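>>> Just the structure for this:
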Amino acid sequence: MPAAIAVVGVVATVAATAYSAYSQHQQGKAQQKLNEYNAKVAENEAFAIERDAAAAAREASLQGMREAEALAGRQRALYAAAGVDINSGSPLLVQAEGYGNAAISAANAGGAIIGPAQSQASALRQQAVMDRFAGRTARATARANVIGTSIAGAASALRGGTAVAKQYF
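Below is the predicted model of the structure:
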């Protein structure tokens, strides 16, 4: 009967070691999957930020051009009301300069929106890289833990088996 109890102890040690190793392996896989999910979320968020910023920049540029067109229309009306020829000379130069300034302002308005969005998107993409690295590291750590647990369990089972063998055989 004592030999059977000793053998059961060795079997229990082997079973506990196997279960612990399996749990560590599964935990590493789960952590890697979680980190991959987080990386994809960060990448999707970066894409959405860039998409939304591009749309906002286009709208800001168009709004600037609409305002410039409205200003030019008011200027033409005032010149015409004053009896000035708006198709030559200084009035034409003033309108051309106004359109040029409006184009520059519209481009600057779009750039003011795009620049910060690109910085934010870049930070999110870098976070995705770090999340993936953390996932691979968690998986590698789990593998190392599985090996260590397996070796420690095998050593413990071997000590138990040697004790049984010495006592009963």
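>>> What helix or strand is the spatially most central residue of the chain located in?
The chain has Ala42 as the residue nearest its centroid, 2.4 Å off, counting by C-alpha atoms, centre = their mean. Using DSSP states H and E, Ala42 sits in helix 2-81.
>>> give me the number of residues near Lys166?
The local packing of Lys166 (other C-beta atoms under 10 Å) involves 8 other residues. No exception for glycine: its C-beta is placed from N, CA and C like everyone else's.
>>> now it: how far from Gly28?
38 Å (C-beta to C-beta, to the nearest Å).
>>> Also Glu69?
61 Å.
>>> The two - which one has more neighbours?
Gly28 (22 against 13).
>>> where does that one land on pLDDT?
On pLDDT, Gly28 comes in at 94.
>>> My guess is it contacts Ala142. True?
Yes: judged on C-beta atoms under 8 Å, Gly28 makes contact with Ala142 at a distance of 2.2 Å.
>>> if we can go back for a sec, and the helix holding Ala42, how far from the chain's centre?
Distance of helix 2-81 from the chain centroid (C-alpha atoms, centre = their mean, to the nearest Å) equals 4 Å.
>>> residues near Val84, how many?
So Val84, with other C-beta under 10 Å, has 14 neighbours.
>>> residues contacting the residue nearest to it when sequence neighbours are not counted?
Setting aside the residues directly before and after it, Val84 is nearest to Pro91 in space (C-beta to C-beta, 6 or more residues apart in numbering), at 5.6 Å. Listed by C-beta atoms under 8 Å, 6 or more residues apart in numbering, the contact set of Pro91 reads 75-76, 79, 84-85.
>>> let's see 10 Å
Residues in contact with Pro91, defined by C-beta atoms under 10 Å, 6 or more residues apart in numbering, are 75-76, 78-80, 82, 84-85.
>>> What is the nearest of the residues you listed to Arg136?
Nearest to Arg136, judged by C-beta to C-beta, of those is Gln75 at 63.0 Å.
>>> what's near enough to touch that closest one?
Gln75 is in contact with 86, 91, 94-95, 98, counting by C-beta under 10 Å, 6+ apart.
>>> Make TSV from those and add pLDDT to it.
Shown next, in TSV, are the contacts of Gln75 (pLDDT from 0 to 100):
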residue	pLDDT
Ile86	78
Pro91	80
Val94	82
Gln95	81
Gly98	82
